[in-house]
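Colleague: just to be clear, the model below is a prediction. Sequence and coordinates:
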Amino acid sequence: MKPKLSVNINKIATIRNARGGNHPNVLEAAIKCQQFGADGITVHPRPDERHITKKDAFDLKSVIKTEYNIEGYPSRDFINMVLEIQPDQVTLVPDGPNVITSCAGWDTIKNTSFLKEVIQQFKENNIRTSIFVDPEIKMIEGAQLCSTDRIELYTENYALGYNKNKKNAIEPYYKAAAKACELNLGINAGHDLNLSNLGFFSKEIKGLAEVSIGHAIISDAIYFGLENTIQMYKRLI
């Protein structure tokens, strides 16, 4: 099956918040993204609400008819919010509150007990879980010990190395994905995937279920339009 494209709409909220008010409208953006071909919508509400707010996270539930993915650090407040909203998927990231954007995966060995306890709460509520990880075999094996359904491969290093040597850049991801498949873990991916590097990644990574892309899509939409941009990304996968 082809990977699904989940559009992260955080940047829509960033633009809205820069001026206050409700323009552009986050709910309308989510509706349009789905109409234009997105297979899902991703948001990453942070404690300071600098883009997606807690209210947004709740309000979006009613307009997402594809798949709803909520990312975040599993603080007690975040866990309670997710359990109340009941999205299709929750993606756990190790970001602290002051991090601008996700910049590393979980140490799934060091945090096994913590993550397993958190994931159990979501599993009891039939919410699919994904853990943000670096493409390291031991971290993939640790993710299985946490009882997660999926991993999300952190792809910044792939993006940084793509223009230098794309085969070398993708090698650790290829091995990580192979291990994930061996362990029956679903595979998501995200961070700095774009029109230049997505096609090769999607082609080479077997078992890829979903890519989550936000900054690049919203940036490209300035030049190409949102509908056209989403379709351009869809064609690459």
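Modeller: Thanks, I have it.
Colleague: when you work out contacts or count neighbours from here on, use the C-alpha atoms and nothing else.
Modeller: OK.
Colleague: list the residues that contact the residue nearest in space to the middle of the chain.
Modeller: With distances taken as CA atoms, centre = their mean, the residue of the chain nearest its centroid is residue 212 (4.2 Å). By CA atoms under 8 Å, 6 or more residues apart in numbering, the contact set of residue 212 is 5-8, 42, 188-191.
Colleague: next helix or strand past the helix or strand containing it?
Modeller: For residue 212, the element it lies in under DSSP states H and E is strand 208-213. Remark: after strand 208-213, the chain's next helix or strand is helix 215-224, criterion DSSP H and E.
Colleague: how many neighbouring residues does residue 55 have?
Modeller: Counted with other CA atoms under 10 Å, residues neighbouring residue 55 total 10.
Colleague: and the gap between it and residue 28?
Modeller: According to CA to CA, to the nearest Å, residue 55 and residue 28 sit 15 Å apart.
Colleague: what's the angle between the host helix or strand of residue 15 and helix 215-224?
Modeller: For residue 15, the element it lies in under DSSP H and E is helix 10-19. Orientation of helix 10-19 against helix 215-224 (axes from the mean of the first three to the mean of the last three CA atoms, to 10 degrees) gives an angle of 70 degrees.
Colleague: now do the helix or strand following helix 10-19 against helix 10-19, angle only.
Modeller: Sequence order places helix 26-35 as the next helix or strand after helix 10-19, per DSSP H and E. Interaxial angle, helix 26-35 versus helix 10-19 (the same axes, to 10 degrees): 150 degrees.
Colleague: partners of the next helix-or-strand element following helix 26-35, with directions?
Modeller: Going down the chain from helix 26-35, the next helix or strand is strand 40-43, by DSSP H and E. Using DSSP bridges, the strands paired with strand 40-43 are strand 4-8 (parallel), strand 68-72 (parallel).
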